[in-house]
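>>> got a predicted structure here, sequence first:
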Amino acid sequence: MKQCLFFISIISCLFIQTTKSQTSFSTNDYYRTIKIDYNNIAGDLNTMFNECIGAGRANEGLRADWQQQLTMVKNECDFKYIRMHGLLSDDMGVYSEDEKGNPNYNYQYIDALYDFILSINMKPFVELGFMPSALASGPETIFWWKGNVTPPKDYKKWADLISNLTTHFTERYGAEEVKSWYFEVWNEPNLTPGFWTGTQEEYFKLYEYTTKAIKNVNSAYKVGGPATAGAAWVPETIEFCENSNVPIDFISTHTYGVKHGYLDEFGTSGTILNKDEASVSGDVINSRKQISNSAKPNLELHYTEWSSSYTPADPIHDSYHSAAYILQKLKQVGDAANSMSYWVFTDIFEEAGPRFTPFHGGFGLLNTQGIKKPAYFSYYLMNKLGKTELKKTDTSSWASKKSNGDIQLLFWDFTNTHPGDSELNQTYYLKDLPAQSKGIVKLEVTGLKKGKYTLEIYKVGYKVNDVYSDYLAMDKPNQLTKQQVNKLKQQNNGTPIISETLKIDSKGIYVKDINMNENDVFLFNFIKQ
């Protein structure tokens, strides 16, 4: 096919198709060439990107809209695990004591939540926190929903609660199922007094009591931590477990892509996207090195929170820039982590209380009404990749195939256009930010099987699956009508921008030139007929 393709909804002549013998541009016009061969296999595709996803707090998971959104996310992105705060907080009704100080246990809310999670073929990544107030040593809390962040007043009673809960899980779901879960002790205990009023030594005491209680129920259950902010305490945690003969099966920690700070409970701090190309990925790679150099070099590494920004009021989360950012960081991480759990899947997220506008810079891949943000499509498109990865030299792409002859090429441009210290994310990403051209990308696909293919081309970028730009065009209403929600969902539904039939001859070659703009994301999906 040798024609320019025109679409009303796309900037004219996005694609200039070519054949092997005829090109519209000289080699010097290409800023980038991506070559893949169906027969040149790299190995199994590493799917650490959709092993786990985050959610705000356990009680939110009892909401119908939360469950509806998670079901869609599971079906379209196929995350395997979900992690959240507040499993043991008072709004889950887990623990109380009678007048004599004897414990009462109640798992009705946890059962309802976990029964649902398992019913959609997901598994819990169990974060054990926060402290039930009846067991707490102090009144200090965090967030609108008042998660208690103090050590237990009685470590034996805490251990008894963990043991009883783990036994309950075993009886309800079976030991073989629970063996596939992860038990993580607390959340970000290095952020004091925010998430933990105790010392590091007191956290290690909590960790020891918790993990031994779990292992006493079943030694095969997986335990770990320290779930720290800023990739902290990794060597110290391993050293403590080694020296004290305390069990540990995995390291968990967190990282975010802004320059300063770790906690912004009410979304009021200013943030600046880090210009360092190794932000996020550098932390992950360093954590893997710390593990490799430790007394326990084979521990799994799970980044149980990561994102472009740690604040629930950062408009980069809503911006089209996030799609390419997510892909770039995950690609840079490579095989350093066993999972990278994006924080979070939905803006149904109430750390600062219920939010009052439909796009407020919330963490979610989806907004409160379930409208897909550009970030959502990163995971949606990655989930379309085949199980076998193909070799290539381009560093901002994945190529894969399926055994039936299908082939997928996902590629992007990430350009950090943020001006730096002169402006905060909170004003920069609120603007209309047209993408500048990066030039022509040449695709060369060889080794294709002869015959007909359906070629689906997906795109995310400025004003393409870019709901925030559509929201700006509506003049940013504080509340969306039902009709506006439906319109935004339809305009940002992730369907292919092009779907056409190709005939591949015996040479098995496909070549195409593409105009690439800043922070564009493309997926070419060749479906063998």
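Arrived safely.
>>> please name the nearest non-neighbouring residue to residue 76.
In space, not counting the residues next to it along the chain, residue 76 is nearest to residue 380; the distance is 5.3 Å by CB to CB, 6 or more residues apart in numbering. Just so you know, the C-beta spots here come from the backbone N, C-alpha and C atoms, and that holds for glycine as well.
>>> go on, residue 285?
Once flanking residues are discounted, residue 285 sits nearest to residue 336: 4.8 Å by CB to CB, 6+ apart.
>>> based on its surroundings, how many neighbours for the closest residue to residue 273 other than its chain neighbours?
Nearest residue to residue 273 in three dimensions, chain neighbours excluded: residue 418, at 4.5 Å (CB to CB, 6+ apart). Number of residues near residue 418 (other CB atoms under 10 Å) recorded here: 19.
>>> pretty sure residue 418 sits in a strand.
No. Counting by DSSP: H, G, I helix; E, B strand; the rest coil, residue 418 is located in no strand; its state is coil.
>>> tell me the contacts of it?
272, 273, 275, 425, 428 (CB atoms under 8 Å, 6 or more residues apart in numbering).
>>> now do the strands in the stretch 301-450 of the chain.
Secondary structure of the stretch 301-450 of the chain by DSSP state E, counting those that start in this stretch: the strands cover 339-342, 388-390, 397-401, 407-412, 437-446.
>>> buried residues, the following helix or strand past the longest one. List them.
Read it as strand 437-446. Past strand 437-446, heading to the C-terminal end, the next element that is a helix or strand (DSSP states H and E) is strand 451-460. Buried residues in strand 451-460, counted by 16 or more other CB atoms under 10 Å: 453, 455, 456, 457, 458, 459, 460.
>>> contacts for strand 451-460?
Contacting residues not belonging to strand 451-460 are listed as 10, 14-15, 320, 323-324, 374, 377-378, 381, 384, 405, 465-466, 494-504, 520-529 [CB under 8 Å, 6+ apart].
>>> just the buried ones among these, please.
Applying 16+ other CB under 10 Å to these flags 10, 14-15, 320, 323-324, 374, 377-378, 381, 384, 405, 465-466, 494, 497, 504, 520-527 as buried.
>>> residue ranges with poor pLDDT in the chain?
In the prediction, the chain carries residues with pLDDT under 70 at positions 1-28.
>>> show me where it has its helices.
Per DSSP state H, the chain carries helices over the ranges 64-77, 108-119, 155-173, 175-179, 200-217, 234-244, 281-292, 321-333, 374-382, 425-428, 467-473, 482-491.
>>> quick one: end-to-end distance for stretch 94-107.
One end of stretch 94-107 sits 6 Å from the other (CA to CA, to the nearest Å).
>>> how distant is it from the center of its chain?
Between the mean C-alpha point of stretch 94-107 and the mean C-alpha point of its chain there is a distance of 36 Å (CA atoms, centre = their mean, to the nearest Å).
>>> can you give me the domain boundaries for the chain?
As given by automatic domain parsing, the domain ranges for the chain are 15-45+387-528, 48-382.
>>> packed most tightly, which of these would that be?
Per-stretch averages of neighbours, counted by mean count of other CB atoms under 10 Å, single out domain 48-382 among the domains of the chain, with a mean of 20.
>>> and residue 189, what are its phi and psi?
Backbone torsions of residue 189, given as degrees, to the nearest 10, read phi -70, psi -10.
>>> surely it touches residue 196?
Yes. Applying CB atoms under 8 Å, one finds residue 189 in contact with residue 196, separated by 3.9 Å.
>>> joint contacts of these two?
Residues within reach of residue 189 and of residue 196 at once, by CB under 8 Å, 6+ apart, are residue 203.
>>> list the contacts for the spatially most central residue of the chain?
The central residue of the chain, meaning the one whose C-alpha is nearest the mean C-alpha position (CA atoms, centre = their mean), is residue 342 at 2.1 Å. Each residue near residue 342 by CB under 8 Å, 6+ apart is listed here: 53, 54, 306, 307, 326, 365, 375, 379.
>>> quick revisit: and the buried residues of strand 451-460, which is closest to residue 81?
Minimum separation from residue 81 among the buried residues of strand 451-460 (CB to CB) is found for residue 460, which lies at 24.9 Å.
>>> quick check: beta-bridge partners of the closest one?
residue 521 (DSSP bridges).
>>> strands of the stretch 1-150 of the chain, start to end?
Counting by DSSP E, counting those that start in this stretch, one finds strands in the stretch 1-150 of the chain at the ranges 15-18, 30-37, 41-44, 52-57, 81-85, 95-97, 103-105, 123-128, 141-142, 147-148.
>>> dump the fifth one to PDB, restricted to CA.
Taking C-alpha atoms only, strand 81-85 is exported to PDB below (Å, rounded to 0.1, in the frame of the first residue of the first chain):
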ATOM      1  CA  TYR A  81      -2.300  -9.000  42.500                       C
ATOM      2  CA  ILE A  82      -3.800  -6.000  44.200                       C
ATOM      3  CA  ARG A  83      -2.300  -4.200  47.300                       C
ATOM      4  CA  MET A  84      -4.000  -1.600  49.500                       C
ATOM      5  CA  HIS A  85      -3.700   0.200  52.800                       C
END
